[in-house]
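Engineer: build me a model:
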Amino acid sequence: MKKPVKWIFAAGLAAAAGLQFFNPPLTNPAVAPGDDLMASNAPPAAIAALLRGACYDCHSDETKWPWYGHVAPVSWFLAGHVNDARDAMNFSDWPNDDPQAARKNLSRILRQVQTRRMPLQTYTWMHPASRLTPAQRQELADWAGKTAAALKD
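Structural biologist: Residues are numbered from 1 along each chain as shown. Predicted coordinates:
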């Protein structure tokens, strides 16, 4: 190997190692009893399984952080993505006492699943359990729509 290539390679390794000191904390806030959708308004078991498999890692405070999530710069992407997802909708902070907010969340689930915007394709590549079949998408959409309609009473 030529000397400049060795130095560039060594500098790249040193930079990659140095980045590891700047990982964001990959933590999960505590879930208050009764605040989670599953604890308060438990959907049917099949729907609960779909939500846990396709949604909960990003949209809840029960994220299962993968090993590669502790390696910068991937850790930055994952932490930002999960924080954004939790801000958009958090199943661990379900609006049990606010039917209008719950309807809004359910309508969002319905739209995102029907338009195939969720779960994200980049997520499904690494998480096979999150890959929804057309029948599962329909089942989830039907549940969200019916549950939202029932809250209008």
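Engineer: which ones are touching the residue sitting nearest the centre point of the chain?
Structural biologist: Most central in the chain under C-alpha atoms, centre = their mean is C58, positioned 1.4 Å from the mean C-alpha point. Shown in contact with C58 (C-beta atoms under 8 Å, 6 or more residues apart in numbering): H81, V82, A85, R86, P119, Y123. Heads up, the C-betas are built off the backbone N, CA and C, glycines and all.
Engineer: W143: what's its closest spatial neighbour, skipping adjacent residues?
Structural biologist: Using C-beta to C-beta, 6 or more residues apart in numbering and skipping residues adjacent in sequence, the residue nearest W143 is I47, 4.8 Å away.
Engineer: rewinding a little: from V82, how far off is the residue nearest to the centre of the chain?
Structural biologist: 5 Å (C-beta to C-beta, to the nearest Å).
Engineer: low-confidence ranges, this structure, go.
Structural biologist: The chain contains residues with pLDDT under 70 at 1, 9-24, 153.
Engineer: mind doing that once more with 80?
Structural biologist: Applying pLDDT under 80 to the chain picks out residues 1-27, 32-34, 40-41, 68-72, 74, 152-153.
Engineer: on that earlier part again, any idea which element the residue nearest to W143 lies in?
Structural biologist: Using DSSP states H and E, I47 maps to helix 45-54.
Engineer: counting contacts, what elements does that helix pack onto?
Structural biologist: Using 3 or more C-beta pairs under 8 Å, 6 or more residues apart in numbering; DSSP states H and E, the elements in contact with helix 45-54 are helix 37-40, helix 134-150.
Engineer: okay, that helix in CSV with CA atoms only?
Structural biologist: Extracted in CSV, the C-alpha atoms of helix 45-54 (Å, rounded to 0.1, in the frame of the first residue of the first chain):
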residue,chain,number,x,y,z
ALA,A,45,-55.2,-9.8,19.8
ALA,A,46,-54.5,-9.9,16.0
ILE,A,47,-54.5,-6.1,15.8
ALA,A,48,-52.3,-5.9,18.9
ALA,A,49,-49.8,-8.2,17.3
LEU,A,50,-49.7,-6.2,14.1
LEU,A,51,-49.2,-2.9,16.0
ARG,A,52,-46.5,-4.4,18.1
GLY,A,53,-44.7,-5.9,15.1
ALA,A,54,-45.0,-3.0,12.7
